[in-house]
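Visitor: no letters, just coordinates:
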C-alpha cells in the first residue's frame, strides 16, 4: 500500500522497486519503506519495526505501519493527485462531475480516509486488537488478509521470481481498492455532504425550531448530519430528515 500511494507522485511514478534487507543496498535507495530499522522523514526512511517506535496520526493511539507513515507524510498530496487526475477525466465525460477541492476539503478527506481505510491496516500490521474484550464474530476478508492470501502456502515451493510476481499482484490489489475507495469519496461521499450541509443551513426555512431538514433528493445522510452537528457543536439538534422517496 505504501508503494501504491507513492506511485501516484511524479517523483516516484517510474521508480524501480527493490525488495531487499541488505543495508548497503538500502543506503543507495531514494526512499525506503518497511525495512531498514529507521524512521527519519528528512531522509525518506519510513520503517516502523525498530525498538522505541511509537509514531501515530494526530489524535489517534494506533501505532502506524509503514503504509501509515507514508500516508501521514504524503497522504494529502496523494489525494490531490488522484482527485486532479479524476477531475481531468470528468471534464471529457458527463458520467461524474468531480467538484473543486480546496485545501479545507482535502484536509477533511485526508482525515476520513485515515479513519475509515488506513487505521485498521495500521492496527492489523502492528498486532493491535480490534477490541479490548471478546468479539461476536471474526472478519477475515479485510484488505490485509486478502494480501496475505497471495503469499505461497506453507507446503508449496516458491522462488524469488514467484515472490516478485505475487508482490505485483498484491500491488495491483491494494492499488485498485485504495483508488476505488478514494474516488468514491469525491464522486459520492463529498457531494452528499454538501447536499446535507445546504439542507442543514436552510433548516429554519422549514420550521422555526430548526429541528427539521429537507433534502433536495435522497442521499446517505446520517453520518454527514452527525459530523455537521459535531462541527458546529449542535449535536442532536435535528429531529427529522425529509426527502422524496
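Guide: Nice, I can see it. Here the structure is a predicted model, which is why all the values come from computation and not from measurement.

Visitor: please name the residues that touch residue 64.
Guide: 48, 55, 56, 57, 72, 122, 126 (Cβ atoms under 8 Å, 6 or more residues apart in numbering). Placement of C-beta: from N, CA and C, glycine included.

Visitor: can you give me the helices in the chain?
Guide: 2-6, 23-26, 66-90, 103-113, 119-125, 143-148, 160-184, 190-201, 222-231 (DSSP state H).

Visitor: avg pLDDT for stretch 221-237?
Guide: Throughout stretch 221-237, pLDDT has a mean value of 94.

Visitor: got the contact list for it?
Guide: Under Cβ under 8 Å, 6+ apart, the answer for stretch 221-237 is 192-193, 195-197, 200, 210-211, 213, 215, 238, 241, 243.

Visitor: by neighbours, which of those residues wins?
Guide: In terms of neighbours by other Cβ atoms under 10 Å, the contacts of stretch 221-237 top out with residue 213 at 27 neighbours.

Visitor: so what's it bridging to?
Guide: residue 241 (DSSP bridges).

Visitor: mind checking the helices of the chain for the one nearest to residue 32?
Guide: Closest to residue 32 of the helices of the chain is helix 23-26 (Cβ to Cβ; 5.3 Å).

Visitor: list the buried residues for that closest one?
Guide: Neighbour counts over helix 23-26 (16 or more other Cβ atoms under 10 Å) mark residue 26 as buried.

Visitor: one step back: just the buried members of the contacts of residue 64?
Guide: The neighbour count (16+ other Cβ under 10 Å) marks 48, 57, 72, 122 as buried among the contacts of residue 64.

Visitor: out of those residues, who's nearest residue 14?
Guide: residue 72 (23.9 Å).

Visitor: who's in contact with the residue nearest to the closest one when sequence neighbours are not counted?
Guide: Nearest residue to residue 72, sequence neighbours excluded (Cβ to Cβ, 6 or more residues apart in numbering): residue 57, at 5.9 Å. Residue 57 makes contact with 64, 68, 72, 114, 119, according to Cβ under 8 Å, 6+ apart.

Visitor: okay, those residues in CSV with distance to residue 161 next?
Guide: Shown next, in CSV, are the contacts of residue 57 (distance: Cβ to Cβ, whole Å):
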residue, distance to residue 161
64, 32
68, 30
72, 33
114, 35
119, 34
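
Visitor: of all the residues you listed, which two lie farthest apart?
Guide: 72 and 119 (11.4 Å).

Visitor: show me which pair in the contacts of residue 64 is furthest apart.
Guide: Farthest pair in the contacts of residue 64 (Cβ to Cβ) is 72 and 126. Separation: 14.1 Å.

Visitor: distance of the most far-flung residue of the chain relative to its centre from residue 59?
Guide: Distance from the C-alpha centroid of the chain peaks at residue 208, with 39.5 Å (Cα atoms, centre = their mean). From residue 208 across to residue 59, the span is 37 Å (Cβ to Cβ, to the nearest Å).

Visitor: same thing with residue 223?
Guide: Counting by Cβ to Cβ, the separation of residue 223 from residue 59 is 18 Å.

Visitor: neighbour count: these two, which is higher?
Guide: residue 223 (14 against 8).

Visitor: quick one: the more buried one and residue 237, what's the gap?
Guide: Taking Cβ to Cβ, one finds residue 223 at 16 Å from residue 237.
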